[in-house]
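Peer 1: attaching a predicted model along with its sequence, questions to come.
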Amino acid sequence: MKASDQFNLPLKSLKEGTRVFTFRLDADFFQSFENKLIGDCNINQTVTVEKRSDLIILTFTHQGYVFTDCDRCLEQIKLPVEGEKAFVVKFVDEPQEDEDEILYFLHHDERYDMSVLINEVVTLSLPMVKIYACENDPDAPCNPEVLKYLDQQNIDTQSSPVWDALKNLKLED
């Protein structure tokens, strides 16, 4: 499945200067890429396109939230996500392999589908550990029973005599 044509950047008709495109991303957008990491979400995406005579600079900026399970208490949380990534577009006569932050477009390309890069930039901005700072929120969605259990496990581990014995272990350098 393919994302909507609204994400196509018209290369041929693009005049020199800066243009800003804004999009609202939701679960349907990410499902079009079979993205399993992002489901229900509400993300505002801005793409700033700066066209110069010899190149284009694309800056992708997003901010919003993703609904996901907390890695600590397993409750559904509203996880904030944000990020920014810029790419330089160079025009070439023959196809070349894209680099980290440099994209190569052919001179005769008429449009570019920005949805692929939007999907990658947003997905890479997700934190590896999805937790909610529930101690700062009086209406936290966290499961208090699980948190109480985790706190008890943490106390038990810190005061274990096994760890105390290891502290006294002398190792040679």
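Peer 2: Okay, I see it.

Peer 1: same for the top strand by length along the chain, what does it pack against?
Peer 2: Ranked by number of residues, the top strand in the chain under DSSP state E is strand 76-92. Contacting strand 76-92 under the criterion 3 or more C-beta pairs under 8 Å, 6 or more residues apart in numbering; DSSP states H and E are the following elements: strand 55-69, strand 102-106, helix 115-124. Placement of C-beta: from N, CA and C, glycine included.

Peer 1: spatially central residue for the chain, please.
Peer 2: Ser125 (2.5 Å; C-alpha atoms, centre = their mean).

Peer 1: between the helices and strands packed on strand 76-92, which one is closest to Asn35.
Peer 2: Smallest distance to Asn35 across the helices and strands packed on strand 76-92 (C-beta to C-beta): 6.3 Å, for helix 115-124.

Peer 1: gap between the closest one and the chain center?
Peer 2: On the basis of C-alpha atoms, centre = their mean, to the nearest Å, helix 115-124 sits 7 Å off its chain's mean C-alpha point.

Peer 1: packing partners of that helix?
Peer 2: Using 3+ C-beta pairs under 8 Å, 6+ apart: helix 115-124 touches strand 17-25, helix 27-31, strand 41-51, strand 55-69, strand 76-92.

Peer 1: what mean pLDDT would you report for it?
Peer 2: Here helix 115-124 scores 95 as its mean pLDDT.

Peer 1: pLDDT score assigned to the residue nearest to Val49 when sequence neighbours are not counted?
Peer 2: Leaving aside its sequence neighbours, Val49 sits nearest to Arg19 (C-beta to C-beta, 6 or more residues apart in numbering; 4.8 Å). Note for Arg19: predicted pLDDT of 95.

Peer 1: and the gap between Arg19 and Leu9?
Peer 2: Here Arg19 is placed at a distance of 9 Å from Leu9 (C-beta to C-beta, to the nearest Å).

Peer 1: which of the two has more neighbours?
Peer 2: Ranked by neighbour count (other C-beta atoms under 10 Å), Arg19 and Leu9 place Leu9 first, with 21 against 13.

Peer 1: that one: what secondary structure?
Peer 2: strand (DSSP: H, G, I helix; E, B strand; the rest coil).

Peer 1: distance of it from Leu74?
Peer 2: 40 Å.

Peer 1: with Gly64 instead?
Peer 2: For Gly64, the distance to Leu74 equals 23 Å [C-beta to C-beta].

Peer 1: on that earlier part again, in JSON lines: the helices and strands packed on strand 76-92, plus distance to Phe23 and mean neighbour count.
Peer 2: Converted to JSON lines, the helices and strands packed on strand 76-92 look like this (distance: least, C-beta to C-beta, whole Å; neighbours: other C-beta atoms under 10 Å):
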{"stretch": "strand 55-69", "distance to Phe23": "9", "mean neighbour count": "17"}
{"stretch": "strand 102-106", "distance to Phe23": "19", "mean neighbour count": "15"}
{"stretch": "helix 115-124", "distance to Phe23": "7", "mean neighbour count": "18"}
